[in-house]
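Student: model this:
(4 chains)
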There are 2 protein chains.
Amino acid sequence: MTKTIASSRCHHNPQVSCGDCRLNAICLPISLHITDIDKLDEIIQRGRPLQKGEFLYRAGEPFQSVYAIRSGTIKSIRVTNDGLEQVTGFYLPGEIVGMDGLAQNQYSNSAMALETSAVCEIPFTRLEELSLQIPSLQRHFFQLMSKEITEDQQLITLLSKNSAEERVASLLLSISTRNANRQLSALEFRLPMSRADIGNYLGLTIETVSRVFSRFQKQDILSVDKKEISILDIDALRTAANAVTC
Amino acid sequence: MTKTIASSRCHHNPQVSCGDCRLNAICLPISLHITDIDKLDEIIQRGRPLQKGEFLYRAGEPFQSVYAIRSGTIKSIRVTNDGLEQVTGFYLPGEIVGMDGLAQNQYSNSAMALETSAVCEIPFTRLEELSLQIPSLQRHFFQLMSKEITEDQQLITLLSKNSAEERVASLLLSISTRNANRQLSALEFRLPMSRADIGNYLGLTIETVSRVFSRFQKQDILSVDKKEISILDIDALRTAANAVTC
DNA sequence: CGCGGAGTTGAAACGTCTCAATTGTAGTGG
DNA sequence: CCACTACAATTGAGACGTTTCAACTCCGCG
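Tutor: Okay, the predicted model is just below:
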């Protein structure tokens, strides 16, 4: 599925407008009237899909746009002073990435495609202008940024208070929930990211992530086949996640 | 100093307008023309100072305002499902707290005064209206939220990648820098928060924080007397912090 | 004076990391 | 089609750093 080339029916198809996009119930247009959606459509730019490993933008580049994910998965990464990478987020279809760039007029993260991905580019100065005309858009954007803040704080709590098992379980539940919001299966899905990305995001080593997966399999909570995940006992997974219900 | 009652010269004095406030070079007004500052002033509400331990707002309360700190220190805390607290931030004079509440129209954190503190309440719906009229205010607010995001991501990186010593050193450098921005000493200051708050914020136990302070003292990097901190060797402290230059 | 909270210090326990070996899988070329 | 390589993932054993538990000090305050 992720390897299909762009066609009129394909997720990566660059020709779809916001009004027709199957994600418009969860993406930016959710806040807009029909007439306003067209205005939004006019400023959105849709390019060719990104291939796995390609950068959407890199840390330090001048901030110009935020991006709505249309298909695929994007990870955002910060580079620490000593050259290590820190994965700061995974962005699935319908989600917005790039808002970290506003503060300093340059991106503080890099964004990389984890698989073939299509994005809608939203030039920020034009979005700002539009926000001055459409109060509900301004509010929605404030809310989007606030949501990013609360999600980051959830991750902070996870890193600060929770064990390896709790962290991995929380991430799986988060992905499960976000899949469900997109009408996909909450119990069976393919992880778009590697064990290394998971570990990096959760503050764990690859080996620890792997061991947790193994333990969950032995407990019949999960069935894991490489990146294919089946949640066999979601209540047990919720229990294992403790605290955080993403 | 922190126990002085409000007087015309006191930091906690509720009568000061934004135009006269000694923080206006680093607070919200930084983005505004003189005429616009008056408009901002009109919507800002200043109440009596909060005493140590008092809540500015509590998680779950309906979101109505963001708050600019005028004096003192506020900590924001999330409560996890299992009842533990997670400190998500410390807010010093000139900084804005409460933006996490926007996403869900209710605060996701509680905010508590760590010492006697005065705040300027900014009703959000009025700030929104004003932002529609003053583009630079809208932009500034977007930037403020973006700044909160990048700072949270810095903390995520710190928790995920850095040792106890690096975390404590980073926090001290952050406070030092923020003090310097307010024309206070970068090398000698009083920590407004307890060891418990520091540990909680940094994902460490009280004991570990205490041990790190002791080690830094033995290395002549710091002089610690309860909450009074003197940075004796800021270069060594930067080295100890590694990576993160807050 | 004695109480309680905050902070410090020590010793052992614990969980994750590190290092290393092994397996499995996808991609490449003979 | 199979051998070969490169990479991702798994698994084990020991090392390491932080936590836990406990005792103790310090200080403000009734």
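Student: which strand or helix spans A:Phe216?
Tutor: helix A:206-218 (DSSP states H and E).
Student: that helix close to DNA strand C?
Tutor: Yes - Helix A:206-218 is in contact with DNA strand C by C-beta under 7 Å from any atom of the strand, via A:Glu207, A:Thr208. C-beta: built from backbone N, CA, C; applies to glycine.
Student: what comes up buried for that helix?
Tutor: By neighbour count on 16 or more other C-beta atoms under 10 Å in any protein chain shown, the buried set for helix A:206-218 is A:Thr208, A:Val209, A:Ser210, A:Val212, A:Phe213, A:Phe216.
Student: next: stretch A:65-73.
Tutor: A:Ser65, A:Val66, A:Tyr67, A:Ala68, A:Ile69, A:Arg70, A:Ser71, A:Gly72, A:Thr73.
Student: would you mind confirming that the fourth one is in contact with A:Ser117?
Tutor: No - because the distance of 11.2 Å does not satisfy C-beta atoms under 8 Å, A:Ala68 is recorded as not touching A:Ser117.
Student: tell me which element A:Gln125 is part of?
Tutor: In this structure residue A:125 is Thr, not Gln. helix A:124-133.
Student: let's have the buried residues of helix A:206-218 in TSV, adding pLDDT and distance to A:Asp82.
Tutor: As requested, those are arranged in TSV below (pLDDT from 0 to 100; distance: C-beta to C-beta, whole Å):
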residue	pLDDT	distance to A:Asp82
A:Thr208	97	21
A:Val209	97	22
A:Ser210	96	25
A:Val212	97	27
A:Phe213	96	29
A:Phe216	96	33
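Student: out of these, which comes closest to A:Glu42?
Tutor: For these, the residue nearest A:Glu42 by C-beta to C-beta is A:Val209; the value is 43.6 Å.
Student: check whether stretch A:106-119 contacts DNA strand C.
Tutor: No - applying C-beta under 7 Å from any atom of the strand, one finds stretch A:106-119 separated from DNA strand C by no less than 11.7 Å.
Student: mind listing what the most centrally placed residue in chain A touches?
Tutor: Nearest to the mean C-alpha position of chain A, by C-alpha atoms, centre = their mean, lies A:Tyr91 at 1.1 Å. A:Tyr91 makes contact with A:Ile69, A:Thr73, A:Ile74, A:Lys75, A:Ser76, A:Val97, A:Ala111, according to C-beta atoms under 8 Å, 6 or more residues apart in numbering or on different chains.
Student: what is the neighbour count of the last one?
Tutor: Translated: A:Ala111. Residues lying near A:Ala111 (other C-beta atoms under 10 Å in any protein chain shown) number 27.
Student: hmm, A:Val97 and it touching each other?
Tutor: Yes - counting by C-beta under 8 Å, A:Val97 is a contact partner of A:Ala111 at 5.6 Å.
Student: tell me the residues that contact both of those two, please.
Tutor: What both A:Ala111 and A:Val97 touch, as defined by C-beta under 8 Å, 6+ apart, is the set A:Leu56, A:Tyr67, A:Ile74, A:Ser76, A:Tyr91.
Student: tell me the angle of the helix holding A:Thr125 relative to helix B:124-133?
Tutor: Computed by axes from the mean of the first three to the mean of the last three C-alpha atoms, to 10 degrees, the angle separating helix A:124-133 from helix B:124-133 equals 120 degrees.
Student: the helix or strand just after helix A:124-133 near DNA strand C at all?
Tutor: Sequence order places helix A:135-161 as the next helix or strand after helix A:124-133, per DSSP H and E. No - legend: contact between helix A:135-161 and DNA strand C by C-beta under 7 Å from any atom of the strand is lacking; minimum distance shown is 10.3 Å.
Student: okay, domains of chain A per the record?
Tutor: A:28-152, A:162-241 (automatic domain parsing).
Student: can you put the ones you listed in CSV and add distance to B:Gly60?
Tutor: Formatted as CSV, the domains of chain A follow (distance: least, C-beta to C-beta, whole Å):
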stretch, distance to B:Gly60
domain A:28-152, 13
domain A:162-241, 21
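Student: please identify the most buried of these.
Tutor: domain A:28-152 (a mean of 19; mean count of other C-beta atoms under 10 Å in any protein chain shown).
Student: report the distance from that domain to the chain centre.
Tutor: Chain-centre distance of domain A:28-152: 10 Å, with C-alpha atoms, centre = their mean, to the nearest Å.
Student: what does the average pLDDT come to for it?
Tutor: The pLDDT scores in domain A:28-152 average 92.
Student: quick one, helices of chain A?
Tutor: Counting by DSSP state H, chain A has helices at residues A:34-43, A:124-133, A:135-161, A:164-181, A:195-202, A:206-218, A:234-241.
Student: in CSV: the ones you listed, plus distance to DNA strand D.
Tutor: Output for those, formatted as CSV (distance: least, C-beta to the nearest atom of the strand, whole Å):
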stretch, distance to DNA strand D
helix A:34-43, 37
helix A:124-133, 33
helix A:135-161, 9
helix A:164-181, 11
helix A:195-202, 4
helix A:206-218, 3
helix A:234-241, 16
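Student: of all the ones you listed, which lies closest to B:Asn105?
Tutor: Closest of the helices of chain A to B:Asn105 is helix A:135-161, at 8.5 Å (criterion: C-beta to C-beta).
Student: need the helices of chain A in CSV with distance to chain B, can you?
Tutor: As requested, the helices of chain A are exported to CSV (distance: least, C-beta to the nearest C-beta, whole Å):
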stretch, distance to chain B
helix A:34-43, 15
helix A:124-133, 6
helix A:135-161, 4
helix A:164-181, 10
helix A:195-202, 8
helix A:206-218, 13
helix A:234-241, 9
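Student: and of the ones you listed, who's closest to B:Leu32?
Tutor: helix A:124-133 (15.9 Å).
Student: just to revisit the earlier point, list just the nearest of the contacts of A:Tyr91 to chain B.
Tutor: Taking C-beta to the nearest C-beta as the measure, chain B lies nearest A:Ser76 of the contacts of A:Tyr91, at 8.5 Å.
Student: from A:Asp152, how far out is the closest one?
Tutor: A:Ser76 sits at a distance of 11 Å from A:Asp152 (criterion: C-beta to C-beta, to the nearest Å).
Student: which residues do the two both contact?
Tutor: What both A:Ser76 and A:Asp152 touch, as defined by C-beta under 8 Å, 6+ apart, is the set A:Thr88, A:Gly89.
Student: thinking again about what came up before, between the helices of chain A, which one is closest to B:Ser17.
Tutor: B:Ser17 lies closest to helix A:135-161 among those, at 25.6 Å (C-beta to C-beta).
Student: would you mind getting the angle between the closest one and helix A:164-181?
Tutor: Using the same axes, to 10 degrees, helix A:135-161 lies at 160 degrees relative to helix A:164-181.
Student: just checking, what packs against helix A:135-161?
Tutor: helix A:34-43, strand A:85-91, helix A:124-133, helix A:164-181, strand B:74-79, strand B:85-91, helix B:124-133, helix B:135-161 (3 or more C-beta pairs under 8 Å, 6 or more residues apart in numbering or on different chains; DSSP states H and E).
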